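1. sequence and predicted model, in that order:
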Amino acid sequence: MALEIELVPALSDNYVYLVRDAATGTVAVIDPAEPDPVDAALTARGWKPSLIFNTHHHGDHIGGNAALIQKYGCRLIGPAAEAHRIPGMDAMVKEGDRVEIGAEQGVVFETPGHTKGHIALHFPGGPALFAGDTLFALGCGRMFEGTPREFWTSLLKLRALPDATKVYCGHEYTQSNARFALSVDPGNAALVAQVAEVDRKRSQNLPTVPSLLGDEKLANPFLRADNPDLARRMGAPDDPVAAFAEIRKRKDNF
Ligand code: ZN
Ligand code: FE
């Protein structure tokens, strides 16, 4: 695999990703939550990042930008729609734009819902999806700025990617997401099996991230709002937007 991806736990439950293209040695940092653990992980590997990508403007995703730029002179790339909320951006990207980490090509998806301008980055060579706070393992981000229709449309874009795609999300929320998912979709055998695996990993203090997009398609209730049984149980048969809205509301109150 041409992309080496290292996961760096930061703050209380964030994941920062160090992404290195083996062919060129180019290193990117995705969503540096805070500087110190990221810099320590880079130093331990002898990696010098030349790029930072931000998926959205929240402080727990951009908090390490300034210190890493100061130390390494990284270029900062982020969503055009949030340029006014992310200080120091060098390049602004939109839906369909190509991005590069060395020789590895990626593509930008605009995924509004958690924030208005949120983006996700897909690198087919991983295959890896950096989903920020749009899609979590067995969950999705809180709908702070978008509408249910926007958020559902964003999730459909990500759901269209290949099953083998590894999902690198912004937080280790999987175990609580799993408890909620079981509450709305208790008869889902794929979900039950995945929850057992999540519990096993967490009991050993192992990360549950990355997950496989194919597994998310089978078990993540937020990707299944158009599943007839789940939608009916949410009181919204044949209306995935309303079913998604109901699932999101129940999660907020779980
Ligand atoms: Zn966020
Ligand atoms: Fe976050």
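-> It's in. Ligands and ions are numbered 1, 2, ... in the order given.
2. taking the stretch 151-254 of the chain, what residue is nearest to ligand 1?
-> Proximity of the stretch 151-254 of the chain to ligand 1 (C-beta to the ion) peaks at residue 170, 6.4 Å away. All C-beta atoms are positioned from the backbone trio N, CA, C, and that covers glycine.
3. tell me the contacts of that residue?
-> By C-beta atoms under 8 Å, 6 or more residues apart in numbering, the contact list for residue 170 reads 14-15, 31, 55, 60-61, 131-133, 136, 141.
4. of those residues, which is the most crowded?
-> Compared across those, residue 131 has the highest neighbour count, 33 neighbours, by other C-beta atoms under 10 Å.
5. so that one makes contact with residue 120?
-> Yes. Under the criterion of C-beta atoms under 8 Å, residue 131 makes contact with residue 120 at 5.0 Å.
6. what residues are shared contacts of the two?
-> Common neighbours of residue 131 and residue 120, using C-beta under 8 Å, 6+ apart, are 55, 111, 158.
7. quick one: the first one and ligand 2, what's the gap?
-> With the distance defined as C-beta to the ion, to the nearest Å, residue 55 ends up 9 Å from ligand 2.
8. my read: that residue touches residue 118, true?
-> Yes. Using C-beta under 8 Å, residue 55 is in contact with residue 118, at 6.0 Å.
9. need the residues touching each of those two.
-> 79, 132-134.
10. inside helices: which ones of those?
-> The members of the shared contacts of residue 55 and residue 118 all map outside helices under DSSP state H.
11. out of those residues, who's near ligand 2?
-> Applying C-beta under 5 Å from the ion to the shared contacts of residue 55 and residue 118, one finds that residue 133 fall near ligand 2.
12. so which of the shared contacts of residue 55 and residue 118 comes closest to ligand 1?
-> Taking C-beta to the ion as the measure, ligand 1 lies nearest residue 133 of those, at 3.7 Å.
13. can you tell me the closest non-neighbouring residue to that closest one?
-> Closest residue to residue 133 apart from its sequence neighbours, by C-beta to C-beta, 6 or more residues apart in numbering: residue 141 at 3.6 Å.
14. next: residue 4.
-> Nearest residue to residue 4 in three dimensions, chain neighbours excluded: residue 20, at 4.4 Å (C-beta to C-beta, 6+ apart).
15. SS state for that neighbour?
-> strand (DSSP: H, G, I helix; E, B strand; the rest coil).
16. so what's it up against?
-> 3-6, 26-28, 47, 101.
17. could you do residue 222 as well?
-> Counting by C-beta under 8 Å, 6+ apart, the residues that residue 222 touches are 135, 139-140, 155, 244, 247-248.
18. helices along the stretch 1-150 of the chain, start to end?
-> Assigned by DSSP state H, counting those that start in this stretch, the helices in the stretch 1-150 of the chain fall at 35-45, 59-62, 65-72, 148-159.
19. tell me how many other residues crowd residue 229.
-> Under the criterion other C-beta under 10 Å, the count of neighbours that residue 229 has is 12.
20. ok so, going back, what's the separation between the residue nearest to residue 133 and ligand 1?
-> For residue 141, the distance to ligand 1 - C-beta to the ion - is 6 Å.
21. for that residue, what are phi and psi?
-> Phi and psi for residue 141, reported as degrees, to the nearest 10, are phi -70, psi 160.
22. that one reaches residue 113, doesn't it?
-> Yes. Applying C-beta under 8 Å as the test, residue 141 and residue 113 come out as touching, 6.9 Å apart.
23. what is in contact with these two at once?
-> Counting by C-beta under 8 Å, 6+ apart, the residues touching both residue 141 and residue 113 are residue 134.
24. ligand 1 contacts on the stretch 101-250 of the chain?
-> Going by C-beta under 5 Å from the ion, the residues of the stretch 101-250 of the chain near ligand 1 are residue 133.
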